[in-house]
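S.K.: need a 3D model of the sequence below.
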Amino acid sequence: MWLWAVRLRVAIACLLLVVLPGSALAVDVLLNNGLGPPDPANVIDHATYAVDTLYVRNFGCPPAGDLFDPCPAPGAATDLSLEAGGAVGWIYTYDSSRATMEDGGATGGAMGAYNFGNVTLNGGTVGGDFFTYSDATGQINGGTVNGALAGYHDSTIELLGGSLQYYVFAFNNARIVLAHGPIGGQIWALDNSHITIRGRALKLDGAPVSYGDLTVSGGTLTGHSPTHDAIDNVFSIVGTSSITLERFCDDQDGDGYGVDGDPICPNGNQPDCDDTDAAVFPGYFSVCARN
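M.R.: You can find the predicted model right below:
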């Protein structure tokens, strides 16, 4: 009798796990409706998927099989927007579908794109890595990535804003552009990959430029960086990969004067006294006096 009682209790427990709402069990969720915002299914501003993995695919693309393979006959792209209050465990895009995170959104784990998919971070927090794989594209304009930035297999990533807490990796012909800092860790280019570092992307603590930690094994380091940058990350360039330090004028308001002053700027190396206003620049008050 006791054995039947135990079996009954186990059966009831299993049934409760299946039917009770609000369960914390993680599941895989497929979004492949071929639509985008403002469709309610394509705007996540709630925590329903906080522990789930969300796969964003083109219309008609299957959820099963090897997700590293492209969809055999993709339909219209699906666009997802993760907005304030929205929380997802992990987000992965495929085919030509796209996922964008805005201020107030969050993932507990990674945010990534495969096979021509796209991921864009405008705000919010990625709890894991931000990555692209196999011809996928990614862009970070704001927000925080608490993991690494990684590009694989002919994919591309641009870091144009936000904050990166960990390493940068480029593998197998990936292309990464770092145009914003700070960078939280080492920078690796491997297997015929290329990383371009522009201007102040590596300004960490204002220390002088140093290549003391640079490791080159068969690859190349080209270009140079402004003297106000602190390049004290560890560079590792392996095989036929390369890293380019690309100098440019850091001119926020477009008046020809750099925020820190640099000879490469159109108007020379005088620092701009207000780089948020193009009408304010070195010599501005003298011009007013003459007028």
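S.K.: pretty sure residue 145 sits against residue 129.
M.R.: Yes - here residue 145 reaches residue 129: they are 7.5 Å apart, a contact under C-beta atoms under 8 Å. (Each C-beta comes from the backbone N, C-alpha and C, glycine too.)
S.K.: mind listing the shared neighbours of the two?
M.R.: Both residue 145 and residue 129 are in contact with residue 166, where contact means C-beta atoms under 8 Å, 6 or more residues apart in numbering.
S.K.: more neighbours: which of those two?
M.R.: Taking other C-beta atoms under 10 Å, residue 145 and residue 129 do not tie; residue 145 has more neighbours (25 against 18).
S.K.: next one: that one from residue 253, what distance?
M.R.: For residue 145, the distance to residue 253 (C-beta to C-beta, to the nearest Å) stands at 28 Å.
S.K.: where in the stretch 51-200 of the chain is pLDDT low?
M.R.: Residue ranges of the stretch 51-200 of the chain with pLDDT under 70: 64-68, 181-182, 184, 198-200.
S.K.: change it to 90
M.R.: Residues of the stretch 51-200 of the chain meeting the criterion pLDDT under 90: 51, 60-74, 160-168, 172, 177-200.
S.K.: show me what contacts residue 52?
M.R.: 26-29, 88-90.
S.K.: of those, which belong to strands?
M.R.: 28-29, 88-90 (DSSP state E).
S.K.: can you give the strand pairings for the helix or strand residue 81 falls within, parallel or anti for each?
M.R.: Element membership for residue 81 (DSSP states H and E) is strand 79-82. Strand 79-82 sits in its sheet next to strand 43-44 (parallel), strand 98-101 (parallel), going by DSSP bridges.
S.K.: what two of the ones in strands among the contacts of residue 52 have the greatest distance between them?
M.R.: 28 and 88 (11.8 Å; C-beta to C-beta).
S.K.: more neighbours: which of these two?
M.R.: Counted by other C-beta under 10 Å, residue 28 and residue 88 do not tie: residue 88 has more neighbours, with 26 against 13.
S.K.: I'd say that one and residue 110 touch.
M.R.: No - the pair residue 88 / residue 110 is not scored as a contact, 10.4 Å apart, by C-beta under 8 Å.
S.K.: list the buried residues in stretch 31-43.
M.R.: 31-36, 42-43 (16 or more other C-beta atoms under 10 Å).
S.K.: quick check, nearest of those residues to residue 163?
M.R.: residue 43 (25.0 Å).
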